[in-house]
Structure formats: structure tokens, C-alpha cells
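Asker: got a predicted structure plus its sequence, pasted below:
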Amino acid sequence: MDAQSGNENAPVYYTGKYWNDLVQVRSHLNQLATGNPRSDWVTKVLELHEPGHALILNCGNGWVERDLFDRGLILSAIAVDISESLLSEAETRKGDRAIEYVQADINSFEFPKEEFDFVINHAAIHHTAKIDRTMRGIVTALKTDGFFVNWDYVGPHRNQYPYEQWEAVFRLNNELPESLETDLVYPHLPTIILMDPSEAIHSELFMTTFDRYFDSVHSAALGGCLAYPLLTHNAKFHAASDEERLQWLDLILQKDIEYTEGTISRSLFAFIIGRAKV
């Protein structure tokens, strides 16, 4: 969910193990997003809109648009990223798919006018400094019946989690057996800024800005407040057998649901489909 480009350090997002590398977590997220553990967000979008032309924000190495093309959601796409190396990889791997790649900083990108059936934000806008400008650009780029599709981090900026959340993570980590617990380190702000100045730069502004320009067609809180820090980059948990970790994974995900209380305001991640306000 965090594999996304924001600058020339972007390859860091394609390393390590994230919570959604676990099959059970993907089923859990599907359940929250669509109401069906076997149906993901792409299936939900297809229920609401016929296939069409898409703009992909901060596309990275192109895996998102390749998947959407192969699954029939998009018939053609323009995909934008700032990283020349990642765009080169995406171009090499696109095959005969109708995808055009554009190197640009999304903060200053000139959005085409009323061209797209979909603008896809998959873990991209939390890397965007000029969120309001970007959202206004998306409104301009969408056709009248077009959808803005979001699967993204919407939590505290720079991953600076509040005390209440971090305490809950700490307590739950202590409940795990030593063979599965993670080495908790609170996100160090100077290091985040040094390693990736774009990481979650204004993520806390996403929902208020979205509501300014879009009406929600579908929304789902995906949680993550407890599960994400406990399962992401937790090498011991990912290396364990399903039998060893299953009961503890169920506990973590259940505690995560209870903490989130079904609201996006208490969630780190959200799946939202919107239409531009009239």
C-alpha cells in the first residue's frame, strides 16, 4: 500500500515487507473496502463505472496501471511520475498496453481538460505537497461522469502518530510472543525528511481537501493504526509459518477494527471513490 514514488529515492518503497504482503491482510482489506474478502477495490470500481481512459498519479514502476489494464478497468492511460528510472522500467514492462508515460512533478503538472473517466490515486497523494492544487487539477481532468479513485494513506503527516495510538500499538506488541513481536521505533521526523522529503508531507489534509471538491460515491475506512506498524517490516512475523502466526494475526486485525471504530478519521488508510462537486 505504501509502494509509491515521490522522488529519486523512490526505489526504497519497493523493498521490505508490508502488512498487505500477507494474504490474510489482503482479504481483511478487501472485506473492509468492498464487503467481500474475495473482491478488491478494482472490482468495486467496475461495479460503478464502465471501463475507460485513466490518469495514474505517481505511477512508479507501472504495476498499478498494468494490473488495471489486464483486469479490464482501463482501456488506455496516461501515467505520470517524477522518477526517470522508474518510468523507464514502466515503459519497458508495459508491453502492448495502451499506456503513455509522462515525466512530471505532480505538484506542477498541467492536468488535461475533461479527458479522463478515472483519475487513480494509489498511495500517491500522500506524497504531494500541493494537495489543494492537485485536487483542483483532478476536477479539471475528469469527464462529467468520471471517478476520482483513492486508495491511500490518510493518517498523521510524516507518520507522527498520536500518543494514544502509539501506546495501543506498544501494548498489543507486548501481547505477541517474542517470536512474532516487532522492534518498535517511533518514526523519527528528521530521518523521514532526510530520506524522503515527500513522505506523508500533508497527508492529514487529504480528507478535508477531498470533501472540498468531491462528493463521495463510496468510502471505506481501512484501519491500519495498530496493524500497519506491527506488521510492516516485521521480518519475524513474515517469516513465520501460517500456523504459527494465524491466531495472532486474527487478534491484531480485530484489535485494529476496534480501534478504528469504522471511521476514516481514526484510520491510517482509506478507499474512497468520488465525483466532482457540481
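Answerer: Ah, there it is.
Asker: after the helix ranked longest in the chain, next one along is what?
Answerer: Assignment by DSSP state H gives helix 242-260 as the longest helix of the chain. Counting by DSSP states H and E, the next helix or strand C-terminal to helix 242-260 is strand 269-276.
Asker: now the angle from that following strand to helix 242-260?
Answerer: Per axes from the mean of the first three to the mean of the last three CA atoms, to 10 degrees, the angle that strand 269-276 makes with helix 242-260 is 50 degrees.
Asker: CA atoms of strand 269-276 as PDB?
Answerer: Output in PDB follows, covering the C-alpha atoms of strand 269-276 (Å, rounded to 0.1, in the frame of the first residue of the first chain):
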ATOM      1  CA  PHE A 269      -5.700   4.300   5.200                       C
ATOM      2  CA  ALA A 270      -8.900   4.800   3.200                       C
ATOM      3  CA  PHE A 271     -10.600   3.600   0.000                       C
ATOM      4  CA  ILE A 272     -12.700   6.400  -1.500                       C
ATOM      5  CA  ILE A 273     -14.400   6.900  -4.900                       C
ATOM      6  CA  GLY A 274     -15.600  10.500  -5.600                       C
ATOM      7  CA  ARG A 275     -17.300  12.600  -8.200                       C
ATOM      8  CA  ALA A 276     -16.500  16.300  -8.700                       C
END
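Asker: distance between it and the chain's centre?
Answerer: In this view, strand 269-276 has its centroid 11 Å away from the chain centroid, taken as CA atoms, centre = their mean, to the nearest Å.
Asker: do stretch 153-163 as well
Answerer: Mean-position distance between stretch 153-163 and its chain equals 14 Å (CA atoms, centre = their mean).
Asker: rounded mean pLDDT for that stretch, please.
Answerer: Mean per-residue pLDDT for stretch 153-163: 97.
Asker: and it, how far apart are its ends?
Answerer: Terminal residues of stretch 153-163 are spaced 19 Å apart (CA to CA, to the nearest Å).
Asker: ok, Trp248 touching Leu176?
Answerer: Yes. Counting by CB atoms under 8 Å, Leu176 is a contact partner of Trp248 at 5.7 Å. In this view, the C-beta of every residue, glycine as well, is placed from N, C-alpha and C.
Asker: can I get the strand or helix carrying Pro190 as CSV, trimmed to CA atoms?
Answerer: Pro190 belongs to helix 189-195 when assigned by DSSP H and E. What follows is helix 189-195 as a C-alpha-only set of coordinates in CSV (Å, rounded to 0.1, in the frame of the first residue of the first chain):
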residue,chain,number,x,y,z
LEU,A,189,11.0,13.1,11.9
PRO,A,190,14.4,14.4,10.8
THR,A,191,15.2,11.0,9.3
ILE,A,192,12.0,10.9,7.4
ILE,A,193,12.6,14.3,6.0
LEU,A,194,16.1,13.4,5.0
MET,A,195,15.3,10.1,3.4
